[in-house]
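> What follows is a protein structure lacking sequence information:
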């Protein structure tokens, strides 16, 4: 390895700085101090902060390898440097204008990033920021670093904006659906929606709205003198889930909302944490907590376990047919029947007996007993058959009288028309009127008796069906 004297390195730093001094101030990033967490994780965050600073193009950032080599040449022990005064000395050794330092820590479930930019010449802290976050540590890398840097640099940028148009400001009101989205304007955090910012420099501003499980809403908006309103509809971050189960047709609840029966294929869900529960009558319910990632597809499989209870029946008469749910049993199989938990309809029937139906709920490990005493319906059937027979005979009799009366009335009328004798004509006339009236008056009686006969006939048929008599 080629050894470079530290004097040459100093000259290189000075030259490097002088080339870019017209556009950028040189800055070094000193390793973040780890508090309550792994030092390797703190080093990873430090490297990421260095990369973000480079992308911002506000400062000229010293390369880490060059920084380490200079300090090694100076035989400087980084492990002994814990105060701001010491950090300033490192800045002087590196010949930079500014140095960024700070700490990253964990307290319970809360992560915190504290950053400071120190002016090396004066030793004064120019800017500082504090970012707190509760959640998975990975988000410190994907979001926390950016928000900390944005907050750290926003003070300077905001001062520039105010200086450029100190007498020209406008008011902006930002409303979002859903609300409580973070509002970031020109890299500065202003609060959550809905929000009104009374004094913002006129001109174009970069506005970003951020909310967990929603895509960032980014817009470049010109703020005029006066008032302006912005209404933003955030687009949710969507992922997909496929849920299958044994047995199928199990009911699925996503975050306590019924979304249908299995199998469920490629159901759209919001990214983030969710609770999936599977229920089916006769089976033990199952619940899983899942985390969905943006545009990813989760596949979840549930195998439900059967749960049984016990049922015994006391049936009279013994030779009855027993139906529990969709399954038939005989009276010799009704002791300690093993059934899946759930609700059942039990029907007991026997020819010439009225059937009986009862509902029951089978509980896990429970033992239940039910009595069925069927009522004999044979006597009711005999009564109906007797009634029907009486009315049937009555219907035949009344119908016969009506028909015979009609025939005699017609016969007498023919005699009346053909008779030449005055006495005969009068007799036939009286006879015709008598039998005609008798026929007319017997019609409603016959109709009533026939209707009763039909009524008892169908009642007999329905009773036979109820008593299961073929």
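All right, it came through fine. Predicted, not measured: the structure shown is a model, and the values here were computed from it.
> center of this structure, which residue is that?
Most central residue of the chain, judged by C-alpha distance to the mean C-alpha position with Cα atoms, centre = their mean, is residue 254 at 4.0 Å.
> Would you check that my belief about it contacting residue 274 is correct?
Yes. Counting by Cβ atoms under 8 Å, residue 254 sits close enough to residue 274 to count as a contact (6.1 Å). Where C-beta positions appear, they are placed from N, C-alpha and C, glycine not excepted.
> list residues touching both of those two?
With contacts defined as Cβ atoms under 8 Å, 6 or more residues apart in numbering, the residues shared by residue 254 and residue 274 are residue 241.
> From the contact counts, what lies against the top helix by length along the chain?
The helix spanning the most residues in the chain, taking DSSP state H as the definition, is helix 422-466. The criterion is 3 or more Cβ pairs under 8 Å, 6 or more residues apart in numbering; DSSP states H and E, and the helices and strands that helix 422-466 contacts are helix 378-418.
> Tell me who's in contact with residue 199.
In this structure, residue 199 makes contact with 169, 171, judged by Cβ under 8 Å, 6+ apart.
> Need the per-residue pLDDT for it.
If you check residue 199, the pLDDT there is 86.
> Look up how far residue 170 lies from it.
The spacing between residue 199 and residue 170, counted by Cβ to Cβ, to the nearest Å, is 8 Å.
> do residue 436 as well
The gap separating residue 436 from residue 170 is 108 Å, by Cβ to Cβ.
> again with residue 365
When Cβ to Cβ is applied, the distance between residue 365 and residue 170 equals 72 Å.
> Same check on residue 64?
According to Cβ to Cβ, residue 64 and residue 170 sit 43 Å apart.
> higher neighbour count, these two?
In terms of neighbours (other Cβ atoms under 10 Å), residue 170 is the more surrounded of residue 64 and residue 170; the figures are 20 against 15.
> quick one: contacts for the more buried one?
Contact analysis of residue 170 by Cβ under 8 Å, 6+ apart lists 200, 201, 202, 223, 224, 225, 226, 227, 228.
> Now do the helix or strand encompassing it, average pLDDT.
For residue 170, the enclosing helix or strand under DSSP states H and E is strand 169-177. pLDDT averaged over strand 169-177 equals 93, rounded to a whole number.
> Please apply the same query to stretch 315-334.
Confidence over stretch 315-334, taken as the mean pLDDT, stands at 84.
> buried sites along that stretch?
Taking 16 or more other Cβ atoms under 10 Å as the basis for neighbour counts, the residues of stretch 315-334 that come out buried are 315, 320, 321, 322, 323, 324, 329, 331, 334.
> What of stretch 192-211?
Judged by neighbour count (16+ other Cβ under 10 Å), stretch 192-211 contains these buried residues: 192-193, 195, 197, 200-202, 205, 207-211.
> Same check on stretch 428-444?
Taking 16+ other Cβ under 10 Å as the criterion, stretch 428-444 shows 428, 431, 432, 435, 436, 438, 439, 442 as buried.
> Leaving out the residues flanking it, which one is nearest to the fifth one?
Leaving out its chain neighbours, the residue that sits closest to residue 436 by Cβ to Cβ, 6 or more residues apart in numbering is residue 409, at 4.3 Å.
> quick one: contacts for the one you found?
With contacts taken as Cβ under 8 Å, 6+ apart, residue 409 has the following neighbours: 432, 435, 436, 438, 439.
> For those residues, give me JSON lines that also has pLDDT and distance to residue 371.
Formatted as JSON lines, the entries for those read as follows, by pLDDT from 0 to 100; distance: Cβ to Cβ, whole Å:
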{"residue": "432", "pLDDT": "84", "distance to residue 371": "70"}
{"residue": "435", "pLDDT": "83", "distance to residue 371": "65"}
{"residue": "436", "pLDDT": "85", "distance to residue 371": "65"}
{"residue": "438", "pLDDT": "82", "distance to residue 371": "60"}
{"residue": "439", "pLDDT": "84", "distance to residue 371": "60"}
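> Among the residues you listed, pick out the one closest to residue 137, please.
residue 439 (106.1 Å; Cβ to Cβ).
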